[in-house]
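**Student:** Below are the sequence and a predicted model; questions follow.
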Amino acid sequence: MFDKLFAAIQYPLPHHFISGLVFRLMRIRFRPIKNLLITVVGGLAGVDWSEADRQELSEYEHFNDFFTRELHQGARVIDPDPGSFVSPADGRISQCGRITSGRILQAKGHHYSVRALLAEDPASDAFINGYFHTVYLSPRDYHRVHMPADGELQRMIHVPGRAFSVSPGTVRAVPNLFARNERVVSLFENEHGPMAVILVGAMLVSSVDTVWSGTVTPPRARRVQVGDWSRRDVRLEKGQEMGRFNMGSTVIVLWPPTAIATLEHLEPNEPVLMGQRLGTLR
């Protein structure tokens, strides 16, 4: 009941207007406000300061600089097996498993379309009966996104949309949530075929960066924008940073059916760390 009520409140809200206000607030450089935001929000979220590369408030330019903080060397270990693929982020498994006839499990009773998620990109067909992992990042988590496996970037697609919260309650209550929210789709190619990494924006969090193009959003797009990167030689290795959320959200990774050899057994809401093995590739 609470999930449906919380979701119902969100429908009429001006998602991107609210996110725009938060975007500016998170970049205030006035030291007393900046330090207060970091201290209060970081404390309430339960951020683990011991993992941060920068330990002093004075070292952060603004709250968003803190939110997208880098970790100290050795804080995360990338699974060393050359045949494995890994979690792209810290967070919790929302859902994972098989894509059935082009439908991805969002939550009990809710599925959504691969084609809709990828904005009808021609690569959609490759994932119709493939595999997926959805990782939810809470405000306390490390908010940089890394490569699940080696890949060469082919296309980046910026899909405009709403900015519903991606908290577990909203995911359970709003149909097609991940295919409705604004998102940045990165399509890679490797020896196992295509790999899709989707960074889904959310309430207060509709700002996404990638390492090859900088800030993708804002500004808010009015139509789907497709960038061809196939001739720009953007090659990233497993565990290498590929993007970040300016606030928290969700990452979805898609694989074709022929790519996966084994999957680690993971339950919904199970915590994962960036670099943790999710399975092995053929």
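**Tutor:** Structure's in. What do you need?
**Student:** use CA for all of it now, contacts and neighbours both
**Tutor:** OK.
**Student:** the residue most distant from the middle of the chain, which is it?
**Tutor:** Pro32 (30.6 Å; Cα atoms, centre = their mean).
**Student:** Can I take it that that one is in a helix?
**Tutor:** Yes: looking at Pro32 with DSSP: H, G, I helix; E, B strand; the rest coil, it is inside a helix.
**Student:** Per-residue pLDDT of it, please?
**Tutor:** pLDDT for Pro32: 92.
**Student:** Distance of it relative to Asp53?
**Tutor:** Using Cα to Cα, to the nearest Å, we find Pro32 at a distance of 22 Å from Asp53.
**Student:** could you list every residue that touches Tyr112?
**Tutor:** The contact partners of Tyr112, by Cα atoms under 8 Å, 6 or more residues apart in numbering, come to Arg103, Ile104, Leu105, Gln106, Pro175, Asn176, Phe178, Ala179.
**Student:** Most neighbours of all those residues, which one?
**Tutor:** In terms of neighbour count, Phe178 stands highest of the contacts of Tyr112 at 30 neighbours, by other Cα atoms under 10 Å.
**Student:** list the contacts for Val234?
**Tutor:** Glu152, Leu153, Trp212.
**Student:** quick one: it and Leu153, what's the gap?
**Tutor:** Taken as Cα to Cα, the span from Val234 to Leu153 is 6 Å.
**Student:** same check, this time on Arg277
**Tutor:** 22 Å.
**Student:** One more: Leu13?
**Tutor:** For Leu13, the distance to Leu153 - Cα to Cα - is 35 Å.
**Student:** What residues does the closest residue to His192 other than its chain neighbours make contact with?
**Tutor:** Of all residues not flanking His192 in the chain, Ala259 sits nearest, at 5.2 Å (Cα to Cα, 6 or more residues apart in numbering). Listed by Cα under 8 Å, 6+ apart, the contact partners of Ala259 are His192, Gly193, Leu281, Arg282.
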